[in-house]
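Q: sequence first, predicted model second:
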Amino acid sequence: MALQQPHGGRLVSRFSNASLDGMFAVEVSNDLRSDIENIADGIFSPLEGFVGQDDFDSIVKTGRLKSGLAWTVPIVLDLDEQAAKNARQAGEVALATAGEKFASLKIEEAYTFDRLASARAVYGTDDLNHPGVAKMSNMKSHLVAGRIEVSKRIPQGQIRKYRKTPKETREEMAQRGWKTVVGFQTRNVPHVAHEMLQKAALNLYDGLFVNPLIGKKKQGDFKDEVILSAYETLINNYYPKNRAMFVTLHTEMRYAGPKEAIHHAIMRKNFGCTHFIVGRDHAGVGSYYHPFASHEIFKNYPDLEIQPVFFPAFYYCKKCLSYANERNCPHGPEVREELSGTKMRRMVSSGEMPAEHLMRPEVSRLIVSFKEPFVS
């Protein structure tokens, strides 16, 4: 079995050493800057920039680019009418955060869009209490399309060592001789239930690609450095050598439920994964989506070329005295100990050291060694 092909057949790379001096600058958010770098790195292949109107309309109506290739989340730059006009006249603009220019954008078109109708198509609702709908409803009136080139990467500090491009992960997978690779997404410190799920996957596939989302967090979440250090400790102590790869992904959660599950699978495909673990209510928020909507949507994408993996959730059974799931344990909820990131946060914040059957002691000790493990 050959190494997984990138989405669309070609891994995009959009970097340049060209000077941005004297170029008209457009300010973008830190979240959008991360996604611009994801375009440049090929994580969003085949996109080379912000989508045009034909692709945008096709994405929101069909969940595919106008070419027919699967793509469910539009990647766009919104500007007000005057800024869009200025950018169109300039032809090429610099993109900047906090006044720092980091990329260029060659403007191909500018167009308007129906914010609520688009939100309804992507998120399945136009309820403004949905965070994705709220964000889209506040977008400016015009979208500008065109190819980007990044001249300056986002400073990463200590977490830079965990970041790799799809080109780098693919090279490493090939060196390790992996033919099948299963991706696992997380936003929390590892507990034993997730470890058991990941090791169940390792029984089936050559390699495990642990890919935590890094970026904007809410108060009370574990800090990025805590999550990364905890996973590094777990993998170094409890995983077979050369069977697991740990790489960060810098992108925001859109909470688009099933549509975002497809988007997440495409990104892992570009990293080189052949399979991707999709959890119950993957990328959901509140009660907007059916718990298994993110599983069902894959039936609409038989051409995706990355296989979803639907493992049932693991829990600790106090009667079996081991980790189990509904497929292999006959006991009821009264003897099940469910694990979650929320539960781990609650225990650590109250000063309680998680029991060894809930979290590996090396991981627990590392977490409590942080003076402030949570976002304040």
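A: Everything's here; your move.

Q: centroid-wise, who is the farthest residue in the chain?
A: Residue farthest from the centre of the chain, counting by Cα atoms, centre = their mean, is Lys319 at 36.3 Å.

Q: buried stuff in the one helix or strand Ala94 maps to?
A: Per DSSP states H and E: Ala94 is located in strand 92-97. By 16 or more other Cβ atoms under 10 Å, the buried positions in strand 92-97 come out as Val93, Ala94, Leu95, Ala96, Thr97. Backbone N, C-alpha and C define where each C-beta goes, glycine included.

Q: what comes up buried for the next helix or strand after it?
A: Sequence order places strand 100-112 as the next helix or strand after strand 92-97, per DSSP H and E. By neighbour count with 16+ other Cβ under 10 Å, strand 100-112 contains the buried residues Lys101, Phe102, Ala103, Ser104, Leu105, Ile107, Ala110.

Q: also stretch 62-82?
A: Buried, per 16+ other Cβ under 10 Å, within stretch 62-82: 63-66, 69-79.

Q: how far off centre is stretch 310-323?
A: 27 Å (Cα atoms, centre = their mean, to the nearest Å).

Q: extract the C-alpha set from that stretch and format it as PDB.
A: Extracted C-alpha coordinates of stretch 310-323, given in PDB (Å, rounded to 0.1, in the frame of the first residue of the first chain):
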ATOM      1  CA  PHE A 310     -15.800   4.800  14.900                       C
ATOM      2  CA  PHE A 311     -14.600   3.300  18.200                       C
ATOM      3  CA  PRO A 312     -17.100   3.200  21.000                       C
ATOM      4  CA  ALA A 313     -16.100   5.200  24.100                       C
ATOM      5  CA  PHE A 314     -14.000   3.500  26.700                       C
ATOM      6  CA  TYR A 315     -14.900   3.600  30.400                       C
ATOM      7  CA  TYR A 316     -13.500   1.900  33.500                       C
ATOM      8  CA  CYS A 317     -15.800  -1.000  34.600                       C
ATOM      9  CA  LYS A 318     -15.600  -1.400  38.400                       C
ATOM     10  CA  LYS A 319     -16.900  -5.000  38.000                       C
ATOM     11  CA  CYS A 320     -14.500  -6.100  35.200                       C
ATOM     12  CA  LEU A 321     -11.700  -4.100  36.900                       C
ATOM     13  CA  SER A 322     -10.500  -3.000  33.500                       C
ATOM     14  CA  TYR A 323     -11.300  -0.600  30.700                       C
END
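
Q: quick one: contacts of it?
A: Contacts to stretch 310-323, defined as Cβ atoms under 8 Å, 6 or more residues apart in numbering, come from residues 192-194, 196-197, 200-201, 277-280, 295, 324-327, 329, 331, 335-339, 357-358.

Q: switch to 6 Å and redo it
A: 193, 196-197, 295, 324-327, 329, 331, 335-338, 357 (Cβ atoms under 6 Å, 6 or more residues apart in numbering).

Q: ditto for stretch 140-157
A: Against stretch 140-157 from outside (Cβ under 6 Å, 6+ apart): 14-16, 20, 36-37, 39-40, 48-52, 76-81, 84, 87, 102-113, 163.

Q: go on, stretch 247-263?
A: Looking at what lies outside stretch 247-263 - Cβ under 6 Å, 6+ apart - the contacts are 31, 34, 72-73, 122-123, 131-132, 162-164, 169, 211-216, 278, 282-285, 289, 293-294, 297.

Q: widest-spaced pair of the contacts of stretch 310-323?
A: His295 and His357 (28.6 Å; Cβ to Cβ).
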